[in-house]
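Undergrad: Okay, sequence plus prediction incoming.
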Amino acid sequence: MTKAKTIETVLFDLGGVLIDWNPEYLFREVFDDEEEMRYFFEEVCTSQWNLQQDAGRPLAEATEEKAREFPEYETAIRAYYGRWEEMLGGPIEDSVRLLERLHAQNGRRLYALTNWSHETFPIAWERYDFLRLFQGIVVSGQEKLAKPDPRIYHTLLERYQVRAETAVFIDDIEANVEGAQAVGIGAIHFQGAARLEEDLRELGVLER
């Protein structure tokens, strides 16, 4: 982990850290049967499939191809992006308060690095005012790269002239944490705001 006294920049993931996004919010209304919903996520509209759109694949193209592959689930497949906003559960308030505290402290830079479709990200930008606390946001869909690809971390570092050894990255997905560490960025596996606050205090990043 980066030494506390050298940390100049804090990098945040968005979904799962600052924004509550969960497809189940929508699909519990689409499906009556829990087991069928699980099948849909594991075999039809999987997390890896969604990641392709986060990496820049057009939503319409992905939807049409998937609907041809699973015609029996066409209605649910079209709902995935057609009713995407219903997957948003709102801000994760305790985490947002930590971001606000960091923003209020002088001397540290704040950026976000998110796996997010460039087609749906504008919805989040309009909905969540706290996103404007960041000095810059790297959106995977715009870059056509997604975490944990090392190139997207380097994109942020180079674009905003951040030195990896002076940064710490926060993400709720362990593979993305490991991806940051692989390019020399200190990283925290997000496991709730209370734990994050402790981690940031231990690093000397957050004042008491």
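TA: Yep, it's here.
Undergrad: what does the domain assignment say about the chain?
TA: 4-18+92-202, 22-88 (automatic domain parsing).
Undergrad: Out of those domains, which is closest to R208?
TA: Taking C-beta to C-beta, domain 4-18+92-202 is the member of the domains of the chain nearest to R208, at 6.5 Å. Using the backbone N, CA and C atoms, a C-beta is placed for each residue, glycine as well.
Undergrad: and the nearest residue to L88 once chain neighbours are set aside, what is it in contact with?
TA: Of all residues not flanking L88 in the chain, W21 sits nearest, at 5.8 Å (C-beta to C-beta, 6 or more residues apart in numbering). If you count contacts by C-beta atoms under 8 Å, 6 or more residues apart in numbering, W21 has them with 15, 87-89.
Undergrad: quick one: which of these is nearest N115?
TA: Nearest member of these to N115, counting by C-beta to C-beta, is G15, at 7.3 Å.
Undergrad: measure the residue of the chain positioned farthest from its centre to E36 for me?
TA: When distances are taken from the C-alpha mean of the chain, E72 lies farthest, 30.5 Å away, according to C-alpha atoms, centre = their mean. Per C-beta to C-beta, to the nearest Å, E72 is found 11 Å from E36.
Undergrad: that older thread, so which of the domains of the chain is the most packed in?
TA: domain 4-18+92-202 (a mean of 18; mean count of other C-beta atoms under 10 Å).
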